[in-house]
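# Following is a predicted model, sequence given first.
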Amino acid sequence: MESSKLSKLTKRIVTALIMIPVVIAALYLGFPYLHMVAVVIASLMAWEWAHMIPNKNAPVYSIAYTMSAVSAVIFPSALAIAVLTLGAAVFVWLKSAKEVHRGLLTLGVFYITIGFGSLVWLYDTVGFADTLWFLLMIWSVDTGGYLFGTTIKGPKLAPKISPNKTWAGLIGGAILAMLVSVIYNYFMTTQQHVVFYAAIGGIIAVVEQIGDLVESYIKRSLNIKDSSDLIPGHGGIFDRVDGLIFTAPLIFLLFKYGISFAM
């Protein structure tokens, strides 16, 4: 392995070893610690989006994104969250009337608020064990995708959008997510739905990769590589949670209105 790649991998591992325990601890402790961590991450995402999209009023947009995202984290009322989110979107839309990337600037309100808010809503709905299971799926997809993709390589998944992503990475991420999902179900739940857990792990892998490609497409259209350099070896917050915020709304809706894993 080349020294540059080894250095990047080392940074990724060290950063992950620091961040993952913090997230799990906040998840275990719950309110208010989880919500405090969520507010910090959402604020950083707001700053990234406002500065990633070329514009003339980044601080203003950053505040609008932050206020909308924070409302999703701390307010218990769905109506209040909806009103504030729509209000922030209308404000950004009107404020960015003369901006080249008006649509992307406005999209940021929903992308951050609904995407990241869904993770907190999921926790508030089902608690620690189910939310940890979801995060393990996301981390498994990323880990499996990286290991299989860099080792096997092979045909590109979407070369015009993300040249480094391969079919091997997608399949590897799906396999690891399915395996971890089944193992977690076996040891942590009272209902041994092996086939179901394997299937949902695979679905999460695919949706997560779609979210990753969507952000890659946005960055490529803006001619940038990373959303920022906030996380050593990883790029920005969005570069780490793009798949998560794309998948979290789906899993939240499944738990809220469709299924119960009874962990």
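Cool, got the structure. Residues are numbered from 1 along each chain as shown.
# Identify the residues contacting stretch 152-159?
163, 165, 166, 167, 168, 169, 170, 172, 209, 213, 216 (C-beta atoms under 8 Å, 6 or more residues apart in numbering). In short, each C-beta sits where N, CA and C put it, glycine included.
# Wait, the last one touches residue 163, no?
No - in terms of C-beta atoms under 8 Å, residue 216 does not count as a neighbour of residue 163; the distance is 9.2 Å.
# if you count what's nearby, which of those two comes out ahead?
Neighbours per residue (other C-beta atoms under 10 Å) separate residue 216 from residue 163, with residue 216 holding more: 19 against 12.
# Check that one and give its pLDDT.
Looking at residue 216, its pLDDT stands at 89.
# Sticking with it, tell me its helix or strand.
helix 194-221 (DSSP states H and E).
# Show me what that helix is packed against.
Judged by 3 or more C-beta pairs under 8 Å, 6 or more residues apart in numbering; DSSP states H and E, helix 194-221 is in contact with helix 128-152, strand 156-158, strand 162-166, helix 167-188, helix 237-253.
# Point out the most buried one among these.
Of all the helices and strands packed on helix 194-221, helix 237-253 carries the top mean neighbour count, a mean of 22, counting by mean count of other C-beta atoms under 10 Å.
# chain center to that one: distance?
3 Å (C-alpha atoms, centre = their mean, to the nearest Å).
# and it with helix 194-221, angle?
Angle of helix 237-253 versus helix 194-221, following axes from the mean of the first three to the mean of the last three C-alpha atoms, to 10 degrees, is 140 degrees.
# how many neighbours does residue 115 have?
Using other C-beta under 10 Å, residue 115 has 23 neighbouring residues.
# now the helix holding residue 216 and helix 167-188, what's the angle there?
With the same axes, to 10 degrees applied, the angle from helix 194-221 to helix 167-188 works out at 140 degrees.
# re the thing from before, would you turn the contacts of stretch 152-159 into JSON lines with distance to residue 149?
Output for those, formatted as JSON lines (distance: C-beta to C-beta, whole Å):
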{"residue": "163", "distance to residue 149": "11"}
{"residue": "165", "distance to residue 149": "7"}
{"residue": "166", "distance to residue 149": "5"}
{"residue": "167", "distance to residue 149": "9"}
{"residue": "168", "distance to residue 149": "6"}
{"residue": "169", "distance to residue 149": "3"}
{"residue": "170", "distance to residue 149": "8"}
{"residue": "172", "distance to residue 149": "7"}
{"residue": "209", "distance to residue 149": "11"}
{"residue": "213", "distance to residue 149": "13"}
{"residue": "216", "distance to residue 149": "14"}
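# out of those, who's nearest residue 57?
Residue 57 lies nearest to residue 216 out of the contacts of stretch 152-159, by C-beta to C-beta, at 25.8 Å.
# Who are the contact partners of the closest one?
Taking C-beta under 8 Å, 6+ apart, we find residue 216 in contact with 158, 161, 162, 165, 242.
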